[in-house]
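Engineer: this one's structure only:
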């Protein structure tokens, strides 16, 4: 039986359990002679409780089954291999297993493969069928037993409402725990793979090495595959592009925010603010395309020759400028909030002393809002560092250690993408290095966000 | 000297500075808006031509003997018939070709798919068998690029075109045998190496399935988490940790979620690559913080008096939440969810890491079919050298932006229509 069918049946079973529980509670209550008033809770709650008894164990079982199903089947299949094959290294066994999978799905013509693989493929199909049938049977039993237990428990004094409310609260709590689980998942996944990586490449070489060329020799005598994992060029490239982006985004974003909150009339504000925010809603892949087909050629063919310079066709400048434009609304809306939070009395005081508006802004409002603005800028920097698509498309792949914006540099995110796209095996230093880079990215952005959010929160409390 | 004189002396300078400062502000906004206009006009200018395609008119004799077809309803005969040969024969006759080297040049004017087009035409018009008809066939992308740029001031873009081909094209132009028609393939087909046969259908469906998974998972879970944090959670250290956590997750770069997906979903759980299901799961984790944060704001906006009124007439906590708070907060939550989904729709980087970056020709029909997503398709096409692909990329971007604009407009409309001010 397929999974969607099983799920549909399960939903039907839960619905039936609900009806059964509700009817049972009504029957029990009418037996007391006081009608529904003889019940502790409304019939709905008895129904819900029975449905919970029916659905919860079944769903958990289904989930566990789906997770461990393949592993168990695999173990049985490998156990059935001839002795010689079982002694093979892990990777070869993986290969054999995928051959078996392919035979089972009919990708190979019959009789072309060795007999034991043929046999394993048949066994695989049989096991999968058995697994599904067994699952259906077990689920059926679980729902039946659950429903019966729930059904048996119903009595006029049974406090169904309290129980359902408690269950409801636990479900809600479980949902909010997913956020924590995600963080734990991120940390575990990057750290776990990074540790593997640092076992092969010393961490000092990774952090302080100045040569990046993540090719690992497949054969002993291969030329040009030194496998150098010094990430400094990537860090410098990332910082360079982020710096260019921020030197566009900070002045433009900040001045826009100041104009919008201090000078602009309400009509101007209602039209222009959302228009600027469209910039933030445009997917980054669109910016990347814009950078690579319009901005980069413009810089190479017109802008750089004008200055008497020579620009690479994948210059850091193009990627940085476009990224800066993307971040403008980010800086402006965060600063806008912060500037609006400055109490009017401060402005009134300054204007009352005869300062012009720009003097008030520069000498009173801006210093008062500074901590919040710094927080916002830090959030924007973290965004620039973690931005991927613009740099993947517009920045280069070669890890040059340079701070010349006309040259091509590469960034941490670009390398993560190039290392992990395509077929991956989780054991070569090449792919594992992507996780080490991810770890660095995560640590840096997390620290920035943490500090920025702390500053912003602290600041907003100050004037409340 | 009196103080007022000092003030008056500087006043003109101070006013000038004031004006300048104001002008900086306006200029910044102007720069932002200019970028927006530039971006849109650049994309539209590059992409609008992809919605039409060059077709070429050819006289074809549907010779029953040559094709070996006696009955057009017989699929086997139709399948076996050499329609491609018929196209080539018609081209040879049209251009009066004798030389062998010219043949290949002539064949390359029409799309590689033109045999199938003839097949479909004959299926649609069985009466054409044995007659000679003028039919419109899809042109090759080189001819397409040439024809679309034929009115350019500095001459048409010839690209890989040969001298001989240009002579024929001149001939075709004089006979009005070239025409732009609406590009159906763009909306009906999956990816292809031939620009004239490449479409966004597969990517669009992939995006749709991915978003469906994201929506089904992230909205209920996000709302539930928001309810817990706003209505149930005790103010303690643990709740603080969850809150800080959610705020931080909202600012974690999307590519990190891709790493999570690659390590946990693909590596640990052994799910297959390129599935909308996995993409949806990753995007769910990514959009959850956004949805939780906006849902919390919506719940906060429901005044406490509503809760107190419900409780005072004996409603339980769950009844208060489900019967009163949730319906009142729903418009705000939906708005947040739509904005979160719009973000997810435009997201590319995490999908690259879980392998939703593949050459997908077949239209996926479910969440467990290999698929790619619209932004990923844009990324893939932007790398291809043919000029037509740059056009197609821009057109695909226009579609993506169109969908995003509709989604955001919907969110704004929803908020305007349903939101209550207390």
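Structural biologist: It's in. Source: prediction; values computed, not measured. Numbering: from 1, shown residues only, chains lettered A, B, ... in the order given.
Engineer: contact partners of the helix or strand harbouring residue A:271?
Structural biologist: Element membership of residue A:271, judged by DSSP states H and E, is helix A:266-281. The contact list for helix A:266-281 (Cβ atoms under 8 Å, 6 or more residues apart in numbering or on different chains) reads A:256, A:260, A:264, A:325-326, A:328-330, A:332-333, A:336, B:29, B:32-33, B:35-36, B:342, B:346, B:404, B:408. All C-beta atoms are positioned from the backbone trio N, CA, C, and that covers glycine.
Engineer: narrow the residues you listed to those in helices?
Structural biologist: Using DSSP state H, A:256, A:325-326, A:328-330, A:332-333, A:336, B:29, B:32-33, B:35-36, B:342, B:346, B:404, B:408 are the members of the contacts of helix A:266-281 that sit in helices.
Engineer: tell me the helices and strands packed up against the helix or strand hosting residue B:173.
Structural biologist: Under the criterion DSSP H and E, the helix or strand holding residue B:173 is helix B:163-174. Contact analysis of helix B:163-174 by 3 or more Cβ pairs under 8 Å, 6 or more residues apart in numbering or on different chains; DSSP states H and E lists helix B:100-107, helix B:141-148 as its packing neighbours.
Engineer: please identify the buried residues of the first one?
Structural biologist: By neighbour count on 16 or more other Cβ atoms under 10 Å in any protein chain shown, the buried set for helix B:100-107 is B:102, B:105-107.
Engineer: repeat that for stretch B:380-397.
Structural biologist: Within stretch B:380-397, judged by 16+ other Cβ under 10 Å, the buried ones are B:380-382, B:386-397.
Engineer: any weak-confidence spans in the chain?
Structural biologist: Because you didn't say which chain, this covers chain A. A:1, A:107-113, A:216-226, A:422-427, A:460-464 (pLDDT under 70).
Engineer: you looked at the wrong chain, it should be chain B
Structural biologist: Confidence mapping of chain B against pLDDT under 70 gives the ranges B:153, B:155, B:422.
Engineer: and the residue lying closest to residue A:175 once chain neighbours are set aside, what does it touch?
Structural biologist: Distances taken as Cβ to Cβ, 6 or more residues apart in numbering or on different chains place residue B:224 nearest to residue A:175, at 3.7 Å, with adjacent residues excluded. With contact taken as Cβ under 8 Å, 6+ apart, residue B:224 is in contact with A:171-172, A:175-176.
Engineer: most widely separated two among those?
Structural biologist: By the measure Cβ to Cβ, A:171 and A:176 form the most distant pair in those, at 10.1 Å.
Engineer: so which of these two has more stuff around it?
Structural biologist: Of the pair residue A:171 and residue A:176, residue A:176 is the one with more neighbours under other Cβ atoms under 10 Å in any protein chain shown, namely 25 against 14.
Engineer: so what's that one closest to, chain neighbours aside?
Structural biologist: Once chain neighbours are set aside, the closest to residue A:176 by Cβ to Cβ, 6+ apart is residue B:225, at 3.7 Å.
Engineer: the one you found: how many residues sit nearby?
Structural biologist: A total of 27 residues lie near residue B:225 under the criterion other Cβ under 10 Å.
Engineer: need phi/psi at the closest residue to chain A within chain B.
Structural biologist: Checking chain B residue by residue against chain A with Cβ to the nearest Cβ singles out residue B:253 as nearest, at 2.4 Å. Reported as degrees, to the nearest 10, the phi and psi values for residue B:253 are phi -60, psi 140.
Engineer: who touches it in this structure?
Structural biologist: When the contact criterion is Cβ under 8 Å, 6+ apart, the partners of residue B:253 are A:382-383, A:385-388, A:413, A:441, A:445, B:349.
Engineer: switch to 6 Å and redo it
Structural biologist: Residues touching residue B:253, when contacts are defined by Cβ atoms under 6 Å, 6 or more residues apart in numbering or on different chains, comprise A:386, A:445.
Engineer: most proximal residue of chain A with respect to chain B?
Structural biologist: Nearest to chain B in chain A, going by Cβ to the nearest Cβ, is residue A:386, at a distance of 2.4 Å.
Engineer: show me what counts as buried in the top strand by length along chain B.
Structural biologist: The longest strand of chain B (DSSP state E) is strand B:52-61. If you call a residue buried by 16+ other Cβ under 10 Å, then strand B:52-61 has these buried ones: B:53-58, B:60-61.
Engineer: now, which of the residues you listed sits nearest residue A:353?
Structural biologist: For the buried residues of strand B:52-61, the residue nearest residue A:353 by Cβ to Cβ is residue B:53; the value is 68.9 Å.
Engineer: and that closest one, what are its bridge partners?
Structural biologist: residue B:181 (DSSP bridges).
Engineer: doesn't residue B:133 fall inside a helix?
Structural biologist: No - under DSSP: H, G, I helix; E, B strand; the rest coil, residue B:133 falls outside any helix and is assigned strand.
Engineer: next up, the contacts around it.
Structural biologist: residue B:60.
Engineer: report how many residues lie close to the nearest residue to residue B:262 once chain neighbours are set aside.
Structural biologist: The shortest distance from residue B:262 to any residue other than its chain neighbours is 4.8 Å, reached at residue B:353 (Cβ to Cβ, 6+ apart). By the criterion of other Cβ under 10 Å, residue B:353 has 30 neighbours.
Engineer: so what's the residue nearest to residue A:176 up against?
Structural biologist: When the contact criterion is Cβ under 6 Å, 6+ apart, the partners of residue B:225 are A:175-176, B:292.
Engineer: of the residues you listed, which is the nearest to residue A:28?
Structural biologist: For residue A:28, the closest of the contacts of residue B:225 turns out to be residue A:175, at 33.0 Å, with distances computed as Cβ to Cβ.
Engineer: A strand includes residue B:179, no?
Structural biologist: Yes - counting by three-state DSSP, one finds residue B:179 located in a strand.
Engineer: hmm, it is touching residue B:55, no?
Structural biologist: Yes - at 5.2 Å, residue B:179 and residue B:55 qualify as touching, with contact defined as Cβ atoms under 6 Å.
Engineer: hmm, back to that, restricted to helices, list the contacts of residue B:224.
Structural biologist: For the contacts of residue B:224, secondary structure assignment (DSSP H) places A:171-172, A:175-176 in helices.
Engineer: still on that earlier bit, so for the helix holding residue B:173, what gets flagged as buried?
Structural biologist: Taking 16+ other Cβ under 10 Å as the neighbour-count basis, helix B:163-174 is seen to contain the buried residues B:165, B:168-169, B:172.
Engineer: what's the closest non-adjacent residue to residue A:55?
Structural biologist: Taking Cβ to Cβ, 6+ apart as the measure, residue A:55 lies nearest to residue A:14, with 4.3 Å between them; neighbours along the chain are not counted.
Engineer: tell me the SS of that neighbour?
Structural biologist: Assignment for residue A:14 (three-state DSSP): helix.
Engineer: compute the number of surrounding residues for it.
Structural biologist: Here the count is done by other Cβ under 10 Å, and residue A:14 has 21 residues near it.
Engineer: ditto for residue A:401
Structural biologist: For residue A:401, the count of nearby residues is 15 (other Cβ under 10 Å).
Engineer: wait, a helix at the residue nearest to residue A:175?
Structural biologist: Yes - Residue B:224: assigned to a helix according to three-state DSSP.
Engineer: picking that back up, now distance to residue A:283 too, for the contacts of residue B:224, in CSV please.
Structural biologist: As requested, those are exported to CSV (distance: Cβ to Cβ, whole Å):
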residue, distance to residue A:283
A:171, 34
A:172, 33
A:175, 28
A:176, 29
